[in-house]
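Colleague: I'd like to go over a predicted model; first the sequence, then the structure.
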Amino acid sequence: QLQLVESGGGLVQPGGSLRLSCAASGVTLDYYAIGWFRQAPGKEREGVSCIRRGGGITNYADSVKGRFTISRDNAKNTVYLQMNSLKPEDTAVYYCASDPGCSGYPAYWGQGTQVTVSS
């Protein structure tokens, strides 16, 4: 079973940046499409970004286009989500998950990491 661990969340001021990491052990993460999802209090979970196997194809929610970048580092077996120009509405628990074909139907989830954007 694929096990994913997120890290990198925290408290940041509006306009600031954070980089989230999604690491796996025991498997080659590049074999999997990996998605980032988020859920804010009282709101439904939403897909943020996804990167296909091999890393050649990525997609983003409209709300984060131009501000967030998803990438892979195969040497570190890690997928990253670089988040710039953060806004208070980006506040949520962020999860990475295996998402076959970036279909939006994730299979295996990490435990989540809290991102809070506040002054």
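Modeller: That came through fine.
Colleague: residue ranges for the strands of this structure, please.
Modeller: For the chain, the strands defined by DSSP state E cover 4-7, 10-12, 18-24, 34-39, 46-51, 58-60, 68-73, 78-83, 92-98, 113-117.
Colleague: okay if I get the ones you listed as TSV plus distance to residue 104 and mean neighbour count?
Modeller: For the C-beta atoms, the positions are set from N, CA and C on the backbone; glycine is no exception. TSV is the format used below for the strands of the chain (distance: least, Cβ to Cβ, whole Å; neighbours: other Cβ atoms under 10 Å):
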stretch	distance to residue 104	mean neighbour count
strand 4-7	17	18
strand 10-12	27	14
strand 18-24	17	21
strand 34-39	7	24
strand 46-51	5	22
strand 58-60	10	16
strand 68-73	15	18
strand 78-83	16	23
strand 92-98	10	23
strand 113-117	20	18
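Colleague: need those strands in CSV with distance to residue 107, can you?
Modeller: Listed next are these as CSV, based on distance: least, Cβ to Cβ, whole Å:
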stretch, distance to residue 107
strand 4-7, 10
strand 10-12, 27
strand 18-24, 13
strand 34-39, 10
strand 46-51, 13
strand 58-60, 18
strand 68-73, 18
strand 78-83, 15
strand 92-98, 5
strand 113-117, 19
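Colleague: including mean pLDDT, could these go into TSV?
Modeller: Below are the strands of the chain laid out as TSV (pLDDT from 0 to 100):
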stretch	mean pLDDT
strand 4-7	96
strand 10-12	98
strand 18-24	97
strand 34-39	97
strand 46-51	96
strand 58-60	96
strand 68-73	96
strand 78-83	97
strand 92-98	97
strand 113-117	98
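Colleague: nearest to residue 106, of those strands?
Modeller: strand 92-98 (3.4 Å; Cβ to Cβ).
Colleague: distance from the closest one to the middle of the chain?
Modeller: 5 Å (Cα atoms, centre = their mean, to the nearest Å).
Colleague: other SSEs contacting that strand?
Modeller: Applying 3 or more Cβ pairs under 8 Å, 6 or more residues apart in numbering; DSSP states H and E, one finds that strand 92-98 contacts strand 4-7, strand 18-24, strand 34-39, strand 78-83, strand 113-117.
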